[in-house]
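# What follows is a predicted protein model with its sequence.
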Amino acid sequence: MIDFGFGVNTARAINMDTNDLDTAREIFDRLPDLQACMACGSCTATCTAGAITSFNFRKVHTLVRRGEYGEAYAEMSKCMLCGKCRLVCPRGINTRGVVLLIKKKLGDY
Ligand code: SF4
Ligand code: SF4
């Protein structure tokens, strides 16, 4: 077999009908400004943890929206709460507050 140096990703399906989205709704109810996120990626681009690990704040946000809490919580543990993401967010979202709330809410997953 020829090694082309890349592979095909494993198929991944997200079933929004069966995922439990109640926790995500609770998070958005507590921090309604998070709904204003336009996924620009500025938080991820400036993230301190993202510079030294694979951490991606925008990805965590997306995982929570999809109800994929286990992966979101594992990712969130890499955040060091420096607050740089909040300084650059064009929508003024309290991203540090989001981190803290997600950690608190998803601790059981
Ligand atoms: S910087 Fe703000 S608006 Fe942009 S992706 Fe991050 S949280 Fe969303
Ligand atoms: S508070 Fe967390 S998510 Fe925000 S820039 Fe710092 S390490 Fe990254």
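Yes, it's here. Quick caveat: nothing in here was measured; it's all calculated off a predicted structure. Numbers count the residues shown, from 1 in each chain. Ligands and ions are numbered 1, 2, ... in the order given.

# now Leu101: how far from Asp29?
Distance of Leu101 to Asp29, given as CB to CB, to the nearest Å: 11 Å. In short, each C-beta sits where N, CA and C put it, glycine included.

# These two: which is more packed in?
Neighbours were counted for Leu101 and for Asp29 using other CB atoms under 10 Å; Leu101 has more, 17 against 10.

# List the contacts of the most centrally placed residue in the chain.
By CA atoms, centre = their mean, the chain has its centre lying nearest to Val60, at 1.1 Å. If a contact means CB atoms under 8 Å, 6 or more residues apart in numbering, then Val60 has 72, 75-76, 102 as its contacts.

# again with Arg86
93-96.

# Show me what from this protein comes close to ligand 2.
Residues of the chain found near ligand 2 (CB under 6 Å from any ligand atom) are 47-50, 57, 79-85, 95-96, 99.

# ok, so what distance separates Thr48 from ligand 1?
14 Å (CB to the nearest ligand atom, to the nearest Å).
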